[in-house]
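[1] Just a sequence and a predicted model for now, questions to come.
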Amino acid sequence: MTGRLDGRIALVFGAGSSGPGWGNGKAAAVLYAREGATVVAVDRNLAAATETVGIIEGEGHKAFALAADVTRSAEVGSTVAQVVARCGRIDILHNNVGITEMGDPVEASEESWHRVMDVNLTSVFLTCKHVLPVMAGQGSGAIVNVSSLASVQINDYPYFSYYASKAGLNHFTRALAVRYAEQGIRANAVLPGVIDTPLIYQQIVAQYADVDAMKQARDRIAPMKRSGTAWDVARAALFLASDEAAYITGVCLPVDGGLSCRA
């Protein structure tokens, strides 16, 4: 590791994995810590966040865990206040919370639509609402939002709320970039393609005959003929959060093995 984030405070929402293995948020939190950041690992499931912190501390790095539901402004505000009280600043805001629920406009319930929008999009509005004043006061900050290739490309899954929420997240990210550029705050998004994380075994597998069929089908989609990993997403996030991307803002970066190049 090169210490690209030495001395920085990274606030990672969705830092716990949704199951065994490496989710995107968990990998990003660990990679930020390996590069020198003090990581605040936040998850609705405190045990999941604590597991991530255990990995970070086991490697000799700094982190602590907090629990928060990102769809509740009061909980997000309390989390941010605790981080500022303990650390004095927030240098990186990483938004990784997201869910999928299947259904087209006829099939999906209104409750499902609102739930996905709240988790995938309103959550980022709320974290930014509470973190942006801190970053503006510092005159610096980097925001990394984890979107999806489904924000710009339609696949075979009927998750209309997911498409819409992630497309909204992209444009929200670009608007942040323009609005806050003069205040030293950058905002970018990562667009994962077919990534092998615990989430797909819970929320995507039902679209296939079985797990093996899912893995084979997803591997075939990308030009590289394999799925990516959470570490591929985390490395992109690290770049965007670091000074190596000091003149990059408003970018929606695909991490997809070339899949976005296809019509």
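    Right, received. Where do you want to start?

[2] Backbone dihedrals for G7, please?
    phi 80, psi 0 (degrees, to the nearest 10).

[3] Tally up the residues packed near it, please.
    Using other C-beta atoms under 10 Å, the number of residues around G7 comes to 10. Placement of C-beta: from N, CA and C, glycine included.

[4] What's the per-residue pLDDT of the nearest residue to it once chain neighbours are set aside here?
    If the residues on either side of it in the chain are set aside, G7 comes closest to G36, at 6.7 Å by C-beta to C-beta, 6 or more residues apart in numbering. pLDDT recorded at G36 is 98.

[5] backbone phi and psi for G36, please?
    Here is the backbone geometry of G36 (degrees, to the nearest 10): phi 110, psi -10.

[6] That one against R4, yeah?
    Yes: under the criterion of C-beta atoms under 8 Å, G36 makes contact with R4 at 6.9 Å.

[7] Pull out the buried residues from whatever helix or strand V134 lives in.
    Here V134, judged by DSSP states H and E, is contained in helix 123-138. Neighbour counts over helix 123-138 (16 or more other C-beta atoms under 10 Å) mark S123, V124, F125, L126, T127, C128, H130, V131, L132, V134, M135 as buried.

[8] quick check, nearest of these to C87?
    V134 (10.2 Å; C-beta to C-beta).

[9] got the contact list for the closest one?
    V80, V84, R89, I90, G141 (C-beta atoms under 8 Å, 6 or more residues apart in numbering).

[10] let's see it at 6 Å
    V84, I90 (C-beta atoms under 6 Å, 6 or more residues apart in numbering).

[11] Quick check: it vs T173, distance?
    Remark: distance between V134 and T173 (C-beta to C-beta, to the nearest Å) = 18 Å.

[12] for L199, phi and psi?
    Main-chain dihedrals, L199, degrees, to the nearest 10: phi -60, psi -40.

[13] Now for it, how many residues are close by?
    Neighbour tally, L199, other C-beta under 10 Å: 19.

[14] nearest residue to it other than its sequence neighbours?
    Closest to L199 by C-beta to C-beta, 6+ apart is S18, at 5.2 Å.

[15] Let me know whether my guess that that neighbour is in a helix holds.
    No: S18 is assigned coil when assessed by DSSP: H, G, I helix; E, B strand; the rest coil, not a helix.

[16] Can you tell me the number of residues neighbouring it?
    Residues near S18, counting by other C-beta under 10 Å: 20.

[17] picking that back up, can I get the helix holding V134 in CSV? Just the C-alpha atoms.
    The C-alpha trace of helix 123-138 is given here as CSV (Å, rounded to 0.1, in the frame of the first residue of the first chain):
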residue,chain,number,x,y,z
SER,A,123,-30.3,7.7,1.4
VAL,A,124,-27.6,9.5,-0.6
PHE,A,125,-29.6,12.7,-0.4
LEU,A,126,-29.7,12.3,3.4
THR,A,127,-26.0,11.5,3.8
CYS,A,128,-25.0,14.4,1.6
LYS,A,129,-27.4,16.7,3.5
HIS,A,130,-25.6,16.0,6.7
VAL,A,131,-22.0,15.6,5.4
LEU,A,132,-21.8,18.5,2.9
PRO,A,133,-21.8,21.2,5.6
VAL,A,134,-18.8,19.5,7.2
MET,A,135,-16.9,19.3,4.0
ALA,A,136,-17.8,22.8,3.0
GLY,A,137,-16.5,24.1,6.3
GLN,A,138,-13.2,22.2,5.7
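
[18] Next SSE downstream of that helix?
    Beyond helix 123-138 in the direction of the C-terminus, DSSP H and E gives the next helix or strand as strand 141-146.

[19] what residue is smack in the middle of this structure?
    N96 (2.2 Å; C-alpha atoms, centre = their mean).

[20] So what does it have for phi and psi?
    phi -120, psi 10.
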